[in-house]
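Asker: Turn this into a model:
(2 chains)
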Amino acid sequence: MLAKPITLGPMHFEKRSDAVAYLKDMLHRYDVGDKVSEKDAVILRAALEHHPNSVAKIGCGIHYFSVRTADYGTKCFWVNRSDGTTEKFSITGSIHTR
Amino acid sequence: MELSDFQSWLLNEGIRADLDVITRLSVRNELDNLEPTTPALSSEAIDWPRLLFAGSILARSDQRSDQEAALRIATAAISLANKAQVKDAGAVLLGKLSNFRAIALAIDRSLLAADLNGRLGVALRLEAQRREMDRSILVQSSGTWLQVNDFQQRFWTNAAENGWLSASAPTACGKTFLVLQWLIDQVMACETKVAVYLAPTRALVSEIETNLNNLLDKPDLIEVSSLPLPDKYNAARAGTKRLILIFTQERLHLLANVLGNKFSTDLLIVDEAHKIGDNQRGVILQDAIERATRANPNLKAVFISPATQNPEELLTDAPHGVETIAVDSDTSTVIQNLIVATQVPRRSKLWSLTLRQHGSALQVGTLHLASAPVGYKKRLAFIAAAAGERGGTLVYANGAAESEEVANLISQLLPKLDNNDSELSQLAELARKGVHKDFQLAPLVERGVAFHYGNMPSLLRLEIERLFRSGKIRFLVCTSTLIEGVNLSCRTIVVRGPRKGKGHPMEPHDFWNLAGRAGRWGDEFQGNIICIDPEDKQAWPDGVPSRSRYPIKRESDAVLELGDGIVNYLYERGRSDFSSIEDADKFEQVGAYLLTTFMRLGSLSKANIAKRHDTASIAKLDEALRILVTHIDIGVDIASRHPGVSALGLQRLLDAFRNYKGDVENLLPAEVASNDSYDRFVTIMERINKHLFLAFTPETRIRLHALIVFKWLKGYSLSRMISDSIQWHQDVGRTFKLPELIRGTMELIEQIARFKAPKYFSAYMDVLHLYLREIGREDLISDGLDIGTQLEFGISSTTLLSLMEIGLSRMSAVAVYEKIARDDLTKEESIEWIVERIDQFESMGIPAIIIREVRERLTLFND
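Answerer: Presented below is the predicted three-dimensional model:
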């Protein structure tokens, strides 16, 4: 199977797995409870727009991103919406499914 | 023959037989469910005139045993004799013992006709009146005369001098009442603008605050507060209203941190001052005293402790040139009967009771139990229920779980009360609504039984104590919280194999601190201590302890006396990561204290501690500390703000901040309203554990700890936190036992959210602020309420803070806050909100006891 390239904001990746690795690196630079920086948020926003449920995930609009606890002691990215609601989303779910 | 020899002869031989008869009779009168004696005991043959004469000779002795015998004779004459003249003579003897409260009690109980002085002959009347005058003190602030006992008088006279005073006397001596009177007098009539009263527990703080407010008849001149907020302090210094602050040692540090160099107190009272020896918190108290003394070297200091061996020990740190005096008393105001209970062989329902007094044993009788007690908890419960049936009975249990079980057993032996008492029903309501609908306390208090332990919310605990004092709760099962600073006495205390904390047998002085609660001066003539299975080596490894007084020893001195342990700890602390250091709990706090002291003075040889330890050990410590400070560049000021937290830990945290690669904003706690808040706490706790001190353990529970801190700050009620936890257990399919879950939640709140988190989070924030200034990010420093105070009280909104400023307990404040829509109400706006709606509180489902507290505070406020 041919590698599918993907562009996330200013970043271009030849392979989707590179994008996943990049985002995972990004995730691990943060501690739980951290707010994601503006620079990283641009890329995350682009990744979330790739998500199969992007409309529902983004909802009324993105306020900012955080890194918080997920199930089983892991951590993941969360989107915080303008209306105060919040939801986690998976990196692989955003990159691989479309 | 010298008088003392004569007194000793009287006691041992002269009146022994008669004294034994009245002792047996009066002890038997104290206990319920005794088998009749054969032949029946009677006081008919007692030669009262001879006995009373002997009593008046013994009353002149300063020996405790003689004083006790005189007191025994006097009370027996009043309660056992039939003739009015004998009763009157007993009362005169009580007067000689300056025990005016016991005379008042006898009149109150109709054992003695009123107007005693009117019935005395001229000579006796003059003598009695002179004694009453001699034994009176003038309360300047109110212009009234107060009748006092010898201890109280000596305290009052000596406290009038400037300087430091340390007073020690047994529990039922009227210490607290007198000290509070004196405190008010000082603040009203003297130069004192700000006084601090230190008490070792939050429960005692609430109690003292309430008592003081009740005693104050001029609340417009004096402000009383237990909140470490700067406004009232500033007002007092500006001269508007004088201020009495009631604090734990931690709260004193919180206020001093907020005020910085401005902090200074004119008068410091340290209650339960022997707690300076407590593991981990003793050194925080010592530090608080030293900090107040540094801020004002002319500070007047008063230490109070119950029956201690060496009250003068506390005076050795007084600044040079300050006068010091110790006031010590060992006289008894109530008789204390130490009774041991042993099972009659092969008769499990019959227990033989023996009175132990000064080396001799006196058979009292046989106690008949309702059921055969299998296992030690049943023994404790059944013997208490039988012997102490008339109430005022305190049972000592080893731990919170056991206290619930024993209380449950006792309640089963009691008949259900016919007419529901409204106060007991209200307490049950508070337990159901404030904790959980199935909290065991509720059905128990409806039967007049309760349990009581340290982690309970203070409103609940104070109400239990109040109803126990008033007699509506007849049995109270308590834990070692009682010897950790709760002013509660009882008629009878029942105990078997008491342990302190987790598993250690009680030292004799701890046991006697507990036993000393038997006998409420002014409410009873005697108190009883019933010790079960005295010969059982498991229960009493060293037997039932003989009377003993508490030796005061500072925690810091005790740690130094252990030898090189602390020196080795300091070396280890400098070298390695502390997860591998042993005995950190024992050494960290004192180590931190020594390090800060060294940083301040440049050598421990200049510190007070050098007065008490040899030069060689001080030099060894200096050497270890000198190496540590080479790693430290933070100032001594910041270290002084966090007693018990090592300056080395603070430095390592600062280094970690300096090496932090992320956005500095992520180092700050997130607002509790933010979605990130809980997770941010998790990370902060991990940082604290890694760099500052391994405070939140086990590390696998950090998330739970963070969740508790988060909910506590968010202003959740205890009942909500409990029901959340139940919900979580059900959602993930974990089993749980409700009583354990309730106790566990209470413990997490007290130990994590209210003790460890404020201590370490406020140190974290201070170091972070230092770092933010260093990198020019002062914009991130908020000037709001510091996190330590927020956590201590469990508040993060202005409204909740305002409610607590009115003086409400957190439980009440949260219950009211749940009904208030706005979170930014000032104190005045909150009062307005309440005044408009208080009549609807009941229909809002707010428990009656909370409504009562709200009303009381409002009245106080309106005054």
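Asker: ok, the residue of the stretch 701-850 of chain B found nearest chain A - contacts?
Answerer: Residue of the stretch 701-850 of chain B nearest chain A, by C-beta to the nearest C-beta: residue B:703 (7.2 Å). Where C-beta positions appear, they are placed from N, C-alpha and C, glycine not excepted. Counting by C-beta atoms under 8 Å, 6 or more residues apart in numbering or on different chains, residue B:703 touches A:69, B:682.
Asker: Now name the helix or strand holding it.
Answerer: Using DSSP states H and E, residue B:703 maps to helix B:702-713.
Asker: tell me the SS of the spatially most central residue of chain A?
Answerer: Note on chain A: the residue nearest the mean C-alpha position is residue A:44, at 4.2 Å, using C-alpha atoms, centre = their mean. What DSSP: H, G, I helix; E, B strand; the rest coil gives for residue A:44 is helix.
Asker: so it sits right up against residue A:64, yeah?
Answerer: No: with contact defined as C-beta atoms under 8 Å, residue A:44 does not count as touching residue A:64 (9.7 Å).
Asker: From residue B:160, how far out is the residue of the stretch 701-850 of chain B closest to chain A?
Answerer: Using C-beta to C-beta, to the nearest Å, we find residue B:703 at a distance of 56 Å from residue B:160.
Asker: got it, and residue B:245?
Answerer: Using C-beta to C-beta, one obtains 22 Å as the distance from residue B:245 to residue B:160.
Asker: what about the two, which has more around it?
Answerer: The residue with more neighbours, out of residue B:245 and residue B:160 and counting by other C-beta atoms under 10 Å in any protein chain shown, is residue B:245; that gives 25 against 14.
Asker: For that one, what are phi and psi?
Answerer: Torsion angles at residue B:245 (phi, psi; degrees, to the nearest 10) stand at phi -100, psi 130.
Asker: Report how many residues lie close to residue 8.
Answerer: No chain in the question, so chain A it is. Neighbouring residues of residue A:8 were enumerated by other C-beta under 10 Å; the total is 21.
Asker: sorry, should have said chain B
Answerer: Going by other C-beta under 10 Å, the residues that sit close to residue B:8 add up to 18.
Asker: Now it: which helix or strand?
Answerer: Following DSSP H and E, one finds residue B:8 within helix B:3-9.
Asker: buried stuff in that helix?
Answerer: Under the neighbour-count criterion of 16 or more other C-beta atoms under 10 Å in any protein chain shown, helix B:3-9 has B:7, B:8 buried.
Asker: Can you give the distance of that helix from its chain's centre?
Answerer: The offset between the C-alpha centroid of helix B:3-9 and the centroid of the whole chain comes to 40 Å, using C-alpha atoms, centre = their mean, to the nearest Å.
Asker: Give me every residue in chain A lying close to chain B.
Answerer: Taking C-beta under 8 Å from any C-beta of the partner chain as the measure of proximity, chain A contacts chain B at A:29-35, A:37, A:66-69, A:78, A:80, A:84, A:86.
Asker: In helices only, show me those.
Answerer: Secondary-structure check on the residues of chain A next to chain B using DSSP state H: residues within helices are residue A:29.
Asker: mind checking how far residue B:278 is from chain A?
Answerer: Separation of residue B:278 from chain A (C-beta to the nearest C-beta, to the nearest Å): 35 Å.
Asker: for the closest residue to that residue other than its chain neighbours, what are its contacts?
Answerer: If you skip the residues right next to it in sequence, residue B:278 has residue B:555 as its closest partner in space, 6.2 Å away by C-beta to C-beta, 6 or more residues apart in numbering or on different chains. Residue B:555 is in contact with B:276, B:277, B:278, B:279, B:280, B:281, B:282, B:283, B:286, B:589, B:590, counting by C-beta under 8 Å, 6+ apart.
Asker: Next: residue B:460.
Answerer: Residue B:460 makes contact with B:427, B:430, B:431, B:434, B:435, B:441, B:811, according to C-beta under 8 Å, 6+ apart.
Asker: Run the chain-centre distance for the helix or strand containing it.
Answerer: For residue B:460, the host element (DSSP H and E) is helix B:458-470. Once both centres are worked out by C-alpha atoms, centre = their mean, helix B:458-470 turns out to sit 14 Å from its chain's centre.
Asker: average model confidence for that helix?
Answerer: In this model, helix B:458-470 has a mean pLDDT of 93.
Asker: Can you give me the buried ones in stretch B:363-382?
Answerer: Under 16+ other C-beta under 10 Å, the buried positions of stretch B:363-382 are B:364-367, B:369, B:373, B:376-382.
Asker: Now, these that are in helices?
Answerer: The members of the buried residues of stretch B:363-382 that map onto helices under DSSP H are B:376, B:377, B:378, B:379, B:380, B:381, B:382.
Asker: between these, which is nearest chain A?
Answerer: Sorting those by how near they are to chain A, with C-beta to the nearest C-beta, puts residue B:377 at the top with 40.0 Å.
Asker: OK, contacts around that closest one?
Answerer: Under the criterion of C-beta under 8 Å, 6+ apart, the neighbours of residue B:377 are B:402, B:405, B:406, B:409.
Asker: go again using 6 Å as the cut-off
Answerer: The contact partners of residue B:377, taken as C-beta atoms under 6 Å, 6 or more residues apart in numbering or on different chains, are B:405, B:406.
Asker: for chain B, what helix or strand is lowest in average pLDDT?
Answerer: The weakest-scoring helix or strand in chain B, judged by mean pLDDT, DSSP states H and E, is strand B:504-505 (a mean of 84).
Asker: Direction included, what does that strand pair against?
Answerer: Strand B:504-505 has these partner strands in its sheet, going by DSSP bridges: strand B:499-500 (antiparallel).
Asker: so how far is the strand it pairs with off the chain centroid?
Answerer: Relative to its chain's centre, strand B:499-500 lies at 16 Å (C-alpha atoms, centre = their mean).
Asker: Pull the residues that contact that strand.
Answerer: Counting by C-beta under 6 Å, 6+ apart, strand B:499-500 makes contact with B:398, B:480, B:506, B:510, all of which sit outside it.
Asker: before we move on, back to that, for residue B:259, state which of the contacts of residue B:555 is nearest.
Answerer: Within the set of these, residue B:286 lies nearest residue B:259; the separation is 20.3 Å, counting by C-beta to C-beta.
Asker: so that closest one makes contact with residue B:277?
Answerer: No: taking contact to mean C-beta atoms under 6 Å, the distance of 9.4 Å between residue B:286 and residue B:277 leaves them out of contact.
Asker: re the thing from before, got a markdown table for the contacts of residue B:555, with secondary structure too?
Answerer: Output for the contacts of residue B:555, formatted as a markdown table (three-state DSSP):
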| residue | secondary structure |
| --- | --- |
| B:276 | helix |
| B:277 | helix |
| B:278 | coil |
| B:279 | coil |
| B:280 | coil |
| B:281 | coil |
| B:282 | helix |
| B:283 | helix |
| B:286 | helix |
| B:589 | helix |
| B:590 | helix |
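Asker: quick one: which of those residues is nearest residue B:819?
Answerer: So of the contacts of residue B:555, ranked by how close each gets to residue B:819 (C-beta to C-beta), first place is residue B:281, at 36.1 Å.
Asker: Where does the prediction get shaky in chain A?
Answerer: Flagging of chain A using pLDDT under 70 yields the residue ranges A:1-2, A:97-98.
Asker: Name the residue of it that lies nearest to chain B.
Answerer: Using C-beta to the nearest C-beta, the closest approach of chain A to chain B is made by residue A:33 at 3.1 Å.
Asker: How about the contacts made by that residue?
Answerer: Taking C-beta under 6 Å, 6+ apart, one finds B:676, B:679, B:680, B:683 in contact with residue A:33.
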